[in-house]
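Chemist: next come a sequence and a model predicted from it.
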Amino acid sequence: MVLHGERLLSFRDIVERFQRGEDLFDITIEKWKRIKRSLSEAASDELQPILDNARMGGPFCLEYNQQCNLCPIHKWCRDPNGRYQNIMRSLYMFATSGDYYFKQQALKEIEKFLDEMEDHKRAVKQRLN
């Protein structure tokens, strides 16, 4: 899906990168960077592809195959008050109301998520070394 020249990562893209053995954090970060860039240019009536992409599973979902409690990022998506839920709430509020405030909230939450993913990636790599 292309929105304003930025192609969102498709599930096929994620699967192919996963199968090539790319770093799961890198794929996740790339997925959400593209969502953020697309959202920054999107109007509320252009959100459906972004919502679909945000709801789509990522590389950690492929790796842990419904065993979320083993996943190193499960706290971000499973907690009802976690970062992923905050992002999705803001996206849905923007889509339904068109209120720019919710778009800004979603962008801020995505930025926090990206920062947290980078930090968590470093922490996991340090523990493995």
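Modeler: Perfect, I can see it now.

Chemist: any idea which element R12 lies in?
Modeler: Counting by DSSP states H and E, the element that carries R12 is helix 11-19.

Chemist: could you pull out the helices for the chain?
Modeler: Using DSSP state H, the helices found in the chain span residues 11-19, 24-41, 48-55, 59-64, 74-78, 83-97, 100-128.

Chemist: so how far is the first one from its chain's centroid?
Modeler: Its chain's average C-alpha position is 15 Å from that of helix 11-19, according to C-alpha atoms, centre = their mean, to the nearest Å.

Chemist: in it, which residues are buried?
Modeler: Buried residues in helix 11-19, counting neighbours by 16 or more other C-beta atoms under 10 Å, are found at 14, 17-18. For the C-beta atoms, the positions are set from N, CA and C on the backbone; glycine is no exception.

Chemist: for the protein, identify the residue most remote from the centre.
Modeler: N129 (26.6 Å; C-alpha atoms, centre = their mean).

Chemist: quick revisit: just give me the closest of the buried residues of helix 11-19 to C77.
Modeler: Of all those, I14 has the smallest distance to C77: 14.8 Å, by C-beta to C-beta.

Chemist: and that closest one, how far is that from D119?
Modeler: 22 Å (C-beta to C-beta, to the nearest Å).

Chemist: can you redo the buried residues of helix 11-19 as TSV with distance to K103?
Modeler: Putting those into TSV (distance: C-beta to C-beta, whole Å) gives the following:
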residue	distance to K103
I14	25
R17	28
F18	30
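
Chemist: could you check how far D52 is from Q19?
Modeler: Taking C-beta to C-beta, one finds D52 at 22 Å from Q19.

Chemist: what's the local residue count around the spatially closest residue to T96 that is not a sequence neighbour?
Modeler: Here the nearest residue to T96 in space, its sequence neighbours aside, is S44; by C-beta to C-beta, 6 or more residues apart in numbering that works out to 8.0 Å. The tally of other residues near S44 (other C-beta atoms under 10 Å) stands at 16.
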